[in-house]
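Engineer: Sequence first, then the predicted structure:
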Amino acid sequence: MSWSPPTKQINDLNPIRVRQNLTRGGDALSCPSPLLFTWADLVLSLARTTGLLSAVPELSHEERQELARANGALLASHMNLFVDPQDTEFLFKTKVNILADEQRTSLAAKVGAAVADLVMQRMGFYWSANARELKLKLKGNGTTKKMPDFVYDPAGKHGFQPQSIVVVEAKGSLSKQKAKRKPILSLAQDAYNEQVRHIIGAKSGDLEVASGYAIAFGTIPGKRLSTLAIASPQAVLAGTSFGVVAAHSLSAAASYAPQPAPQPALMYPAPQRYKGSGGDPPDGGFRGEGGRGEPSGVIAYANYESVFLLCGATNAARAIRNSLTGQSMNVLDPESLVQDFWVFEHRGKRFWAGRDHPFWWWPEYLLIAIYEQSAKEILRTLSENPDGVPRTTSLTVAPITGGAELDRDVDIAIQGDGLTLLRFFPHHAEHRRWDIQAGNWR
């Protein structure tokens, strides 16, 4: 599917500051506004979030892979059928109303999760997991019943203390009434209070929830308005062409009421494209070469299990899951400890795609792959820790591919953990076999 122009944007970005003390909280965050993304960016976040939400013990790897393939085909088709391809704003056509109420609600929830992931990526959170993966516990309450959707790892960035994680509850609406601006802002506020607030301070092993975000997206089909709200106890600074403006401040019990438009706060510089190397970009929206992060081993492993499943590397995913469940790599049979990959180069970068399922996204024939450096680093970490999950792991942040500007129609999208979507299958790919136990090519 080609959008014209090739990028969509959500202009109405609303940070909402809720009142809650954070004992391990980080610095103020910056989210580029408007939020810009390509079709490939959106589909990649749809793949990630639906893949993470399928990480439940009731499903085998093969069942999760089949579910991801089925969801991918359906969601890619829905994006083609129902998103307005010509407007610059991220909008849905009225024909989405042909879906039954339950189907439309499900689609809205999945789109809301993908938009939330785009927000977190832009703010510089690159490693994530299903929140239920961690079995978070509150003091005196055991496992909480109201869980948010996702966990993201700051990976030593944004001023968070070591072993801190953050949670995200994602909401979406395509309703004629509930997707209006005021209800969307209220939805984010309510979601924070109901599914995030009580999780702050929850622990899983030596990990602790330091902060959280409720991110709500809504658009009324056929109307030229989309709204995005981010509720958080941290200051979220929305970058504009005038500068960066801080969030409205709301009490924990307050409902949203329209306020005067905030004035530009010129004390913060306007976000600029990152041109340096050796670190993350200041606004989280553009990544440079050489940045590194140190996510916890648990989040990194859960993240890459999903990544390898999405790119068809079943044996690598199984070995990671085996480690997450506390089993030694030695219990796996020798054939399960070898992963076949297609290795290829594009725009001066190298990528790997699992040989199990090269084509996933009918009708687009897209290829999901992983940036080579990301794959090597996590697989070598797995090899070096055969009997358990390391406390932390140091990983390279995958760069934005050279030439992949946000205002161009590009054939590739890469997220910070190396998860990649390409709108073609490479003609010159090399078949190679990775020895999972040895941590190198055979």
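Structural biologist: Okay, I see it. From a predicted model like this one, the values you see are computed outputs, not experimental measurements.
Engineer: Okay, now the unreliable bits of the chain?
Structural biologist: Residues of the chain that meet the criterion pLDDT under 70 lie in 1, 139-145, 240-290, 356-365, 401-410.
Engineer: can you rerun that using 50?
Structural biologist: Scanning the chain for pLDDT under 50 picks out 241-285, 358-363, 402-409.
Engineer: wait, what's in contact with the residue most central in space within it?
Structural biologist: Against the mean C-alpha coordinate of the chain, by CA atoms, centre = their mean, the closest residue is Asp117 at 3.5 Å. By CB atoms under 8 Å, 6 or more residues apart in numbering, the contact set of Asp117 is 45, 48-49, 128, 150, 170. Every residue, glycine included, has its C-beta placed from N, CA and C.
Engineer: make it 7 Å
Structural biologist: Taking CB atoms under 7 Å, 6 or more residues apart in numbering, we find Asp117 in contact with 45, 48-49.
Engineer: And Gly326, by the same measure?
Structural biologist: By CB under 7 Å, 6+ apart, the contact list for Gly326 reads Gly388.
Engineer: any idea how far it lies from Arg64?
Structural biologist: Distance from Gly326 to Arg64, counting by CB to CB, to the nearest Å: 20 Å.
Engineer: ok, now Val43?
Structural biologist: Counting by CB to CB, the gap from Val43 to Arg64 is 18 Å.
Engineer: again with Glu102
Structural biologist: 23 Å.
Engineer: So those two - more neighbours on which side?
Structural biologist: Comparing Glu102 with Arg64 by other CB atoms under 10 Å, the one with more neighbours is Arg64, at 22 against 8.
Engineer: nearest spatial neighbour of the more buried one, skipping sequence neighbours?
Structural biologist: Ser54 (4.8 Å; CB to CB, 6 or more residues apart in numbering).
Engineer: go on, Asn97?
Structural biologist: Pro221 (6.1 Å).
Engineer: which secondary structure element contains that neighbour?
Structural biologist: Using DSSP states H and E, Pro221 sits in no helix or strand.
Engineer: so it touches Ile98, yeah?
Structural biologist: No. Pro221 is beyond contact range of Ile98, at 10.4 Å (criterion: CB atoms under 7 Å).
Engineer: Give me the more crowded residue out of these two.
Structural biologist: Pro221 (18 against 10).
Engineer: Please give me every residue in contact with the more buried one.
Structural biologist: Counted by CB under 7 Å, 6+ apart, Pro221 has contacts 92-94, 96-97, 174.
Engineer: Now intersect those residues with the strands, please.
Structural biologist: Per DSSP state E, strands hold no members of the contacts of Pro221.
Engineer: got a markdown table for the residues you listed, with distance to Phe351 too?
Structural biologist: Converted to a markdown table, the contacts of Pro221 look like this (distance: CB to CB, whole Å):
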| residue | distance to Phe351 |
| --- | --- |
| Phe92 | 32 |
| Lys93 | 34 |
| Thr94 | 39 |
| Val96 | 33 |
| Asn97 | 39 |
| Leu174 | 34 |
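Engineer: measure Gln177 to His78 for me?
Structural biologist: Counting by CB to CB, the gap from Gln177 to His78 is 22 Å.
Engineer: before we move on, what about Gln339?
Structural biologist: From Gln339 to His78 the distance is 32 Å (CB to CB).
Engineer: ok, these two, which is more surrounded?
Structural biologist: Gln339 (26 against 18).
Engineer: For that one, list each beta-bridge partner.
Structural biologist: Trp434 (DSSP bridges).
Engineer: residue contacts, it?
Structural biologist: Remark: with contacts taken as CB under 7 Å, 6+ apart, Gln339 is in contact with 313, 315-316, 434, 436.
Engineer: How about Gly439?
Structural biologist: Going by CB under 7 Å, 6+ apart, Gly439 touches 379-380, 383-384.
Engineer: contact partners of the helix or strand Tyr192 falls within?
Structural biologist: According to DSSP H and E, Tyr192 maps onto helix 181-195. Residues from elsewhere that reach helix 181-195 (CB under 7 Å, 6+ apart): 12, 14, 16, 18, 146, 148, 169, 171, 173, 177, 214-216, 218, 227, 229-231, 250, 252, 255-256.
Engineer: Please enumerate the helices of the stretch 101-250 of the chain.
Structural biologist: Along the stretch 101-250 of the chain, the segments classed as helices by DSSP state H, counting those that start in this stretch run 101-122, 181-195.
Engineer: Repeat that for the stretch 301-442 of the chain.
Structural biologist: Taking DSSP H, counting those that start in this stretch as the criterion, the stretch 301-442 of the chain carries its helices at 314-324, 372-384.
Engineer: which residues touch Phe125?
Structural biologist: The contact partners of Phe125, by CB under 7 Å, 6+ apart, come to 152, 154.
Engineer: returning to what we had before: among the contacts of helix 181-195, which ones are buried?
Structural biologist: Among the contacts of helix 181-195, the ones that count as buried by 16 or more other CB atoms under 10 Å are 12, 14, 16, 18, 148, 169, 171, 173, 214-216, 218, 227, 229-231, 250, 256.
Engineer: mind listing what Thr49 touches?
Structural biologist: Thr49 neighbours (CB under 7 Å, 6+ apart): 113-114, 117.
Engineer: Of the helices of the stretch 301-442 of the chain, flag the one that's most buried.
Structural biologist: helix 314-324 (a mean of 23; mean count of other CB atoms under 10 Å).
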